[in-house]
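> 3D model of this:
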Amino acid sequence: MGARISERTFDDVNAVAGLSDQLGSPATPEQVRRILEAIPTTSGQEVLVARVEPVGTVVGWLHVYEHLSLATGPRCEIGGLVVDETCRGQGIGTLLISAAEHWAETRGLAGVQFSSRTSRTEAHRLYERLGYRIQKTSHIFSKQLS
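This is a model prediction of the structure:
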């Protein structure tokens with residue numbers, strides 16, 4: 001199965017929502033549409049999708065953005081990455097990460113960073129094969145505001 005990376009379209013909202021469930025971040029197509037509408041590609045972030053050929057079915061997505069921090073300087077952050085569980089191990093994750101690295105390089109960013117749940121051990125093996133290393137372990141704190 002061949003795959004290609006492309007910009008997302010609003011026709012992809014159902015597939016992106018379904019894949020978000022597999023990532024452990026459930027979202028409805030309506031929620032995905034609202035988020036995609038709020039992410040203009042000129043604002044330093046982009047959502048890319050992996051499509052299998054020849055039909056163009058979306059089997060993965062990547063959200064990448066430029067992150068500026070006083071602590072670390074500018075860098076590329078992967079905000080989300082998922083490949084359909086039926087397509088894992090076929091090089092699609094590698095294509096998506098390569099697209100993130102290319103996106104960062106075209107913006108003059110020196111590095112790519114992301115977090116990954118500790119339970120996603122198969123994904124961790126992929127990241128390590130691609131040269132990524134665990135930089136630190138931390139807790140994520142969140143609070144829902146009304």
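> Hmm, Ala50 and Ile92 touching each other?
Yes: Ile92 is in contact with Ala50 according to C-beta atoms under 8 Å; the separation is 4.9 Å. Using the backbone N, CA and C atoms, a C-beta is placed for each residue, glycine as well.
> Neighbour count: these two, which is higher?
Ala50 (27 against 22; other C-beta atoms under 10 Å).
> Any idea how far the one helix or strand the more buried one maps to is from the middle of the chain?
Of the helices and strands defined by DSSP states H and E, Ala50 is found in strand 45-53. What separates the centre of strand 45-53 from the centre of its chain is 9 Å, taken as C-alpha atoms, centre = their mean, to the nearest Å.
> same thing with stretch 52-71?
What separates the centre of stretch 52-71 from the centre of its chain is 4 Å, taken as C-alpha atoms, centre = their mean.
> residue contacts, Arg51?
3-6, 57-59 (C-beta atoms under 8 Å, 6 or more residues apart in numbering).
> That'll do, ta.
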